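Enquirer: Could you work out the structure for the sequence below:
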Amino acid sequence: MAGDRTLLTFADRLVLYVLVGAALVLFTMGGGQGDGATVRITGDGGFEYLAPLGSDTIVEVKGPLGTTVVGVADGEARVLSSPCPHELCVKTGRPRPMR
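Expert: From the prediction side, this is the model:
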């Protein structure tokens, strides 16, 4: 079926772009940061959370498809789970579990 395509809805693309962008920002902030370094996690409806990179924190961020879980530990921030179908943001970064 040469003409068949799987089309993403506007909401799917929006969530994908936001999650990939957030993942890139989170991962680039993780290396070589001092004790006072923080990561800003944002979501729908003006949600904002500042987490010190030295903390062990899990943050749940509600979005249009469901809840995205972000973990902060050992000076890094990672997307631990996502409601999107392909979970690209979860697969990005080091392949090791957070505490």
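
Enquirer: where's the most centrally placed residue in the chain, which helix or strand?
Expert: Nearest to the geometric centre of the chain sits Val79, at 3.9 Å (Cα atoms, centre = their mean). Element membership for Val79, per DSSP states H and E: strand 76-81.

Enquirer: how about that strand: buried residues?
Expert: Within strand 76-81, the residues that count as buried by 16 or more other Cβ atoms under 10 Å are 76-80. All C-beta spots, glycine's among them, are computed from the backbone N, C-alpha and C.

Enquirer: Contacts for stretch 59-69 next, please.
Expert: Stretch 59-69 has contacts (Cβ atoms under 8 Å, 6 or more residues apart in numbering) with 11-12, 14-15, 18-19, 41-45, 47, 49, 51, 58, 70-72, 79-84, 89.

Enquirer: What average pLDDT does that stretch get?
Expert: Stretch 59-69 carries an average pLDDT of 87.

Enquirer: Give me the distance from that stretch to the chain's centre.
Expert: 9 Å (Cα atoms, centre = their mean, to the nearest Å).

Enquirer: Likewise for stretch 55-72?
Expert: Mean-position distance between stretch 55-72 and its chain equals 7 Å (Cα atoms, centre = their mean).

Enquirer: Please apply the same query to stretch 10-17.
Expert: On Cα atoms, centre = their mean, the centre of stretch 10-17 falls 14 Å from that of its chain.

Enquirer: shouldn't Tyr49 be in contact with Ile41?
Expert: Yes. The pair Tyr49 and Ile41 passes the contact test of Cβ atoms under 8 Å, sitting 4.6 Å apart.

Enquirer: before we move on, the earlier item: narrow the contacts of stretch 59-69 to those in helices?
Expert: 11-12, 14-15, 18-19, 89 (DSSP state H).

Enquirer: tell me the two of these that are most distant?
Expert: Greatest spacing in those, by Cβ to Cβ: Ala11 and Cys89 (15.9 Å).
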